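K.L.:
Here's my sequence, what's the structure:
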Amino acid sequence: MTIQLNHTIVPAKDKHASATFLTEIFDLPAPVPAGFFLAVTLDNGVTLDYAEPPVDFSPMHLAFLVSEEEFDGVYGRIKAWGLDHWADPRRERPGEINTNDGGRGVYFTDPNGHFLEAITVPYGGWPKT
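P.N.:
As a prediction, this is how the structure comes out:
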């Protein structure tokens, strides 16, 4: 068996807001209750399990590798919804996308302050075959 990420817990003050935002911005199936969590399943089977912990937490950074067509949809929704977005993680290029590694990328935040990223090419480019 190869080692694979199966799930991770994403803390949120409002798990419904963050989980629903993620599914809508990335055009994924609606989140489903999973015990204490609200689970979002990604196309590779990994789940993001949103929870409302009784403690303060720092926002997370979650990066999603998407196709060019999916990027068009995500970026179209970002613009249609009037979301702040940046070409870079330092937020020095507002309202732009990047073309790092020969692809496209954009950063934006969810309702609970998590910093999300959509990229069409992995960091460093596609592996040489």
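K.L.:
residues near the closest residue to Ala30 other than its chain neighbours, how many?
P.N.:
Spatially, and ignoring its direct neighbours in sequence, Ala30 is nearest to Thr23 (5.6 Å; C-beta to C-beta, 6 or more residues apart in numbering). In this view, the C-beta of every residue, glycine as well, is placed from N, C-alpha and C. Neighbourhood size, Thr23 [other C-beta atoms under 10 Å]: 17.
K.L.:
quick one: secondary structure of Thr23?
P.N.:
Here Thr23 is helix, with the state taken from DSSP: H, G, I helix; E, B strand; the rest coil.
K.L.:
Same question for Asn112.
P.N.:
Asn112 - assigned by three-state DSSP - is coil.
K.L.:
beta partners for the closest residue to Phe36 other than its chain neighbours?
P.N.:
Using C-beta to C-beta, 6+ apart and skipping residues adjacent in sequence, the residue nearest Phe36 is Ala51, 6.0 Å away. Under DSSP bridges, the beta-bridge partners of Ala51 are Pro11.
K.L.:
Pull the number of nearby residues for Ala51.
P.N.:
Neighbour tally, Ala51, other C-beta under 10 Å: 16.
K.L.:
Mind telling me what element Asp49 is part of?
P.N.:
strand 47-51 (DSSP states H and E).
K.L.:
so after that strand, what's the next helix or strand?
P.N.:
strand 61-65.
K.L.:
hmm, back to that, and the gap between the residue nearest to Ala30 and His16?
P.N.:
Distance of Thr23 to His16, computed by C-beta to C-beta, to the nearest Å: 11 Å.
K.L.:
Overlap in contacts, these two.
P.N.:
Pro31 (C-beta atoms under 8 Å, 6 or more residues apart in numbering).
K.L.:
Centroid-nearest residue for this protein?
P.N.:
In the chain, the centroid-proximal residue (C-alpha atoms, centre = their mean) is Leu116; its distance is 4.3 Å.
K.L.:
That residue: what's it in contact with?
P.N.:
22, 25, 61-64, 107-110.
K.L.:
got the buried residues for the strand or helix carrying Gly76?
P.N.:
Secondary structure assignment for Gly76, by DSSP H and E: helix 68-80. Within helix 68-80, the residues scored as buried using 16 or more other C-beta atoms under 10 Å are 70-71, 74-75, 78.
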